[in-house]
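K.L.:
what follows is a protein structure lacking sequence information:
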């Protein structure tokens, strides 16, 4: 009877918790901006001759594929991205952090339900022989006795003011924030692999052109030395040419160092040690520039950017923590009940007259704590203001990233066109100089100077092409990386 009464009280008090104190979270409104200022949101970029020079079209609302790196049409690049997603330890750590957050959230859900514990106790004791009272109410012929007790204990803290639910709400928001942190790691990792491969391809092109320049400089130095021996060139001319050759030679080691470090970075992205460098190498000619580029407006961008979604979940958690702090200031209820059996012989347990039960309820209210609960509530409100400001900052940064990348792509196309025109002019000049040299109308030095100008234009053209490829990858990252189209369950 008493246990049934206790359970009825539990149900009644649980029903009182129909609402939770504290602010109810609502998602912040999406930005209403229709564009990114002066950044292009439609139209196409400038076009130029040669590979990587095709015009790119900005298409508003175009969806992003989950494996957007396949748009570069390089099997080697796609294979390395796949390997990095499987072997990078940072991504594995983010996945483990999400599993931990999910399990902790599931564990915290138990706080909404009663806790039932079972226990069994066995004791052997001796009664004092010379006392007036006999604890066992039995004849004192044998002062030794056994006592066996089996019982169930139920305890429950009704969530009358919703503090437990607010705490669970904060835990769920924290779990979601951890998931979006994993997504951000996934998007950043795939983008870094693509950009690092582009950087490698750029450095290889620059090194090849620089090596040819150094060969030309060496040939020109030998020519000037012969002219100096014949008296047709001065010592000053020879020294100037040696200085030019030395300057060209000095530019080669930094490029080689950058290439080596880029290869190390690519190896690390795959989750490998430097000794396990991948055999794949890259040249810009191996990559195809995507012709159609998506442009997502700010109102939808906040849905796609994992860092913005993470900031939103942090804001949600901070809102729930305000409710937790407020509930801590209100009365706390506890219900408990015990039932069981105690007997002097184990085979007598649960027989008539051995059962016992108890039920109780308590209410506690903090009367004086020197303002600790009030200050905790104020601190939670300040944390909510901080999270709101951080969310606004994340939205601004996301829009800035997209605007910067769109402007960079437009400038990249114009710069590539100028570099391609300069390269074409330098190549035409070299071809003309070579024909003139064959006719004997110009010197060998003039021919080598013409080719040197062409190789310098080739270096600038390689850098311009690489910038366009890298900024294209940067746009896909800035727009969220297409994670919502992925088949990975953790990214949904």
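P.N.:
Right, received. Where do you want to start? Computed from a predicted structure; not experimentally measured.
K.L.:
any stretches of this protein with poor pLDDT?
P.N.:
1-18, 129-141, 490, 492 (pLDDT under 70).
K.L.:
mind doing that once more with 80?
P.N.:
Residue ranges of the chain with pLDDT under 80: 1-19, 127-143, 233, 444-445, 488-492.
K.L.:
all strands for it, in order.
P.N.:
Ranges of strands in the chain, per DSSP state E, are 43-44, 57-60, 115-126, 144-156, 292-295, 332-343, 355-364.
K.L.:
with respect to residue 417, which of these lies nearest?
P.N.:
Proximity of the strands of the chain to residue 417 was assessed by CB to CB; the nearest stretch is strand 43-44, lying at 12.7 Å. All C-beta spots, glycine's among them, are computed from the backbone N, C-alpha and C.
K.L.:
now that closest one: how far from the chain's centre is it?
P.N.:
31 Å (CA atoms, centre = their mean, to the nearest Å).
K.L.:
what's it packed up against?
P.N.:
Counting contacts by 3 or more CB pairs under 8 Å, 6 or more residues apart in numbering; DSSP states H and E, strand 43-44 is packed against strand 57-60.
K.L.:
what residues of the strand it packs on count as buried?
P.N.:
Under the neighbour-count criterion of 16 or more other CB atoms under 10 Å, strand 57-60 has residue 58 buried.
K.L.:
picking up where we left off before, now the strands of the chain in TSV, with distance to residue 89?
P.N.:
Shown next, in TSV, are the strands of the chain (distance: least, CB to CB, whole Å):
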stretch	distance to residue 89
strand 43-44	41
strand 57-60	37
strand 115-126	39
strand 144-156	43
strand 292-295	31
strand 332-343	44
strand 355-364	48
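K.L.:
closest to residue 229 out of these?
P.N.:
With CB to CB, the closest approach to residue 229 among the strands of the chain belongs to strand 43-44: 58.0 Å.
K.L.:
which residues touch the closest one?
P.N.:
Outside strand 43-44, the residues that touch it by CB atoms under 8 Å, 6 or more residues apart in numbering are 55, 56, 57, 58.
K.L.:
what's the distance between the last one and residue 469?
P.N.:
For residue 58, the distance to residue 469 under the criterion CB to CB, to the nearest Å works out to 17 Å.
K.L.:
likewise for the second one?
P.N.:
Separation of residue 56 from residue 469 (CB to CB): 11 Å.
K.L.:
joint contacts of those two?
P.N.:
Joint contacts of residue 56 and residue 469 (CB under 8 Å, 6+ apart) are residue 289.
K.L.:
show residues contacting stretch 102-116.
P.N.:
10, 152-157, 159, 164-165, 167-168, 171-172, 174-175.
K.L.:
so what's the gap between it and the chain middle?
P.N.:
28 Å.
K.L.:
now that stretch: buried residues?
P.N.:
105, 108, 112, 114.
K.L.:
got it, and stretch 181-188?
P.N.:
Of the residues in stretch 181-188, 181, 182, 183, 184, 185, 186, 187, 188 count as buried by neighbour count, 16+ other CB under 10 Å.
K.L.:
for these, which one is nearest residue 445?
P.N.:
Relative to residue 445, the closest of the buried residues of stretch 181-188 is residue 188; by CB to CB it sits at 50.7 Å.
K.L.:
for that closest one, which non-adjacent residue is spatially closest?
P.N.:
Excluding the flanking residues, the one nearest residue 188 by CB to CB, 6 or more residues apart in numbering is residue 477, at 6.9 Å.
K.L.:
now swap in residue 282 and tell me
P.N.:
residue 201 (4.2 Å).
K.L.:
surely the one you found is in contact with residue 266?
P.N.:
No: judged on CB atoms under 8 Å, residue 201 makes no contact with residue 266 at a distance of 11.2 Å.
K.L.:
what residues does stretch 445-456 touch?
P.N.:
209-210, 212-213, 216-217, 219-220, 223-224, 423, 426-427, 429-430, 432-434, 436-437.
K.L.:
buried ones in it?
P.N.:
Within stretch 445-456, the residues scored as buried using 16+ other CB under 10 Å are 445, 447, 448, 449, 450, 451, 452, 453, 454, 455, 456.
K.L.:
just checking, residue 248 touches residue 215?
P.N.:
No: contact criterion CB under 8 Å: residue 248 and residue 215 do not qualify, at 9.6 Å.
K.L.:
the two: which is more packed in?
P.N.:
Of the pair residue 248 and residue 215, residue 248 is the one with more neighbours under other CB atoms under 10 Å, namely 20 against 14.
K.L.:
any chance of the buried residues of stretch 181-188 in JSON lines, plus distance to residue 310?
P.N.:
Listed next are the buried residues of stretch 181-188 as JSON lines, based on distance: CB to CB, whole Å:
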{"residue": "181", "distance to residue 310": "6"}
{"residue": "182", "distance to residue 310": "10"}
{"residue": "183", "distance to residue 310": "8"}
{"residue": "184", "distance to residue 310": "7"}
{"residue": "185", "distance to residue 310": "11"}
{"residue": "186", "distance to residue 310": "13"}
{"residue": "187", "distance to residue 310": "12"}
{"residue": "188", "distance to residue 310": "13"}
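K.L.:
residue 41: which of those residues is nearest?
P.N.:
Nearest to residue 41 out of the buried residues of stretch 181-188 is residue 187 (CB to CB; 21.5 Å).
K.L.:
and the closest residue to that closest one other than its chain neighbours, how many neighbours?
P.N.:
Using CB to CB, 6+ apart and skipping the chain neighbours, the partner closest in space to residue 187 is residue 481 (3.4 Å). Per other CB under 10 Å, the neighbour tally for residue 481 reads 28.
K.L.:
swap in residue 433?
P.N.:
Neighbour count of residue 433, defined by other CB under 10 Å: 21.
K.L.:
contact partners for it?
P.N.:
Neighbouring residues of residue 433 by CB under 8 Å, 6+ apart: 442, 446, 447, 450, 451.
K.L.:
please repeat the previous calculation with a cut-off of 7 Å.
P.N.:
Residues near residue 433 by CB atoms under 7 Å, 6 or more residues apart in numbering: 442, 446, 447, 450.
K.L.:
please apply the same query to residue 427.
P.N.:
Per CB under 7 Å, 6+ apart, neighbours of residue 427: residue 454.
K.L.:
same thing but 10 Å
P.N.:
Residues in contact with residue 427 (CB atoms under 10 Å, 6 or more residues apart in numbering) are 450, 451, 453, 454, 455, 457, 458.
K.L.:
between those, which is closest to residue 128?
P.N.:
residue 458 (106.1 Å).
K.L.:
distance of residue 157 from residue 418?
P.N.:
Distance from residue 157 to residue 418, by CB to CB: 72 Å.
K.L.:
could you do residue 51 as well?
P.N.:
In terms of CB to CB, residue 51 sits 17 Å off from residue 418.
K.L.:
comparing the two, which shows the higher neighbour count?
P.N.:
residue 418 (15 against 12).
K.L.:
from memory the more buried one sits against residue 49, does it?
P.N.:
No: applying CB atoms under 10 Å as the test, residue 418 and residue 49 come out as separate, 12.0 Å apart.
K.L.:
now for the contacts of strand 43-44, which pair is the farthest apart?
P.N.:
The most widely separated members of the contacts of strand 43-44, counting by CB to CB, are 55 and 58 (10.3 Å).
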